[in-house]
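Engineer: build me a structure from this.
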Amino acid sequence: MTAAPTYDRVAAVRPVLNLPNVLTLGRLLVVPFFAGLLVLDGASPGVRLVAAGLFVLACLTDVVDGRLARSRGQVTDFGIMADPIADKALVGSALVGLSLLGVLPWWATAVILGREVAVTAMRSALARYGMIPASRGGKLKCLSQNIAVTLYLLPLTGAAASLRFPVLLVAVAATVLTGLDYARQGARLHARARQPEQLPG
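Structural biologist: Reported below is the predicted structural model:
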């Protein structure tokens, strides 16, 4: 009797060209155009509005593609791999572009990007021992980062502009705390994997 296919096997044979993956790919393709807007003419209020619109639209596709993939049973290996890459590329390009413009402090960009690189490297290094599940505060981290980036992209002035820094602090705090949670989970996973197997008595 043939064993039932596992989730990974089912995901692997699903067609890559589906709506969720098209949305993810579109988000990836937006990144160089978005980054170019900021680098070439990011001081222009009109360009900043366009960049903010692109960023918000891309963030919305991130919500939609995940829900569509799960509801339609269209989760694929490509989507699992490409979705977080698209997210990190979008936020990373926004942070670097805004810091180059002198709008967003470099220390915040360094903390957020450093955390992402460290967590990605740790998960890759520990992949042979098992998967580290998404952090409990992951949604708060993503939401606070996206709101902070949007506020810094918009050409705000006065009281509205004063909202930027407090939201940025929340985003940085959520980034650091979830990074520490990943480190704790990684240390526990590594410790369990290194324990000698208990032989039956």
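Engineer: pLDDT weak spots in the chain?
Structural biologist: 1-15, 133-135, 196-201 (pLDDT under 70).
Engineer: so where do the helices sit in it?
Structural biologist: 7-13, 19-41, 45-72, 77-100, 106-125, 138-153, 158-161, 164-194 (DSSP state H).
Engineer: got the ones you listed as CSV, with distance to Met131 columns?
Structural biologist: Any C-beta I mention is one placed from the backbone N, CA and C, and that applies to glycine too. What follows is the helices of the chain, written out as CSV (distance: least, C-beta to C-beta, whole Å):
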stretch, distance to Met131
helix 7-13, 11
helix 19-41, 20
helix 45-72, 17
helix 77-100, 11
helix 106-125, 8
helix 138-153, 14
helix 158-161, 41
helix 164-194, 9
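Engineer: for those helices, give me TSV that also has mean neighbour count.
Structural biologist: Formatted as TSV, the helices of the chain follow (neighbours: other C-beta atoms under 10 Å):
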stretch	mean neighbour count
helix 7-13	11
helix 19-41	17
helix 45-72	16
helix 77-100	19
helix 106-125	16
helix 138-153	20
helix 158-161	9
helix 164-194	16
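Engineer: list the residues that contact the residue lying closest to Ala51 once chain neighbours are set aside.
Structural biologist: Excluding its sequence neighbours, the residue lying closest to Ala51 (C-beta to C-beta, 6 or more residues apart in numbering) is Leu37, at 4.8 Å. Applying C-beta atoms under 8 Å, 6 or more residues apart in numbering to Leu37 gives the contacts Val47, Val50, Ala51, Leu54.
Engineer: how much space separates Leu37 from Pro105?
Structural biologist: Remark: distance between Leu37 and Pro105 (C-beta to C-beta, to the nearest Å) = 21 Å.
Engineer: kindly report the same for Ile80.
Structural biologist: Taking C-beta to C-beta, one finds Ile80 at 33 Å from Pro105.
Engineer: swap in Arg136?
Structural biologist: Where Pro105 is concerned, Arg136 sits at a distance of 27 Å (C-beta to C-beta).
Engineer: so which of these two has more stuff around it?
Structural biologist: Between Arg136 and Pro105, counting by other C-beta atoms under 10 Å, Pro105 is the more crowded of the two (14 against 10).
Engineer: is it correct that that one is in contact with Ser99?
Structural biologist: Yes: here Pro105 reaches Ser99: they are 7.1 Å apart, a contact under C-beta atoms under 8 Å.
Engineer: so what's the nearest residue to Asp62 once chain neighbours are set aside up against?
Structural biologist: Counting by C-beta to C-beta, 6+ apart, the nearest residue to Asp62 once its immediate chain neighbours are dropped is Asp87, at 6.0 Å. Counting by C-beta under 8 Å, 6+ apart, Asp87 touches Arg27, Asp62, Cys142.
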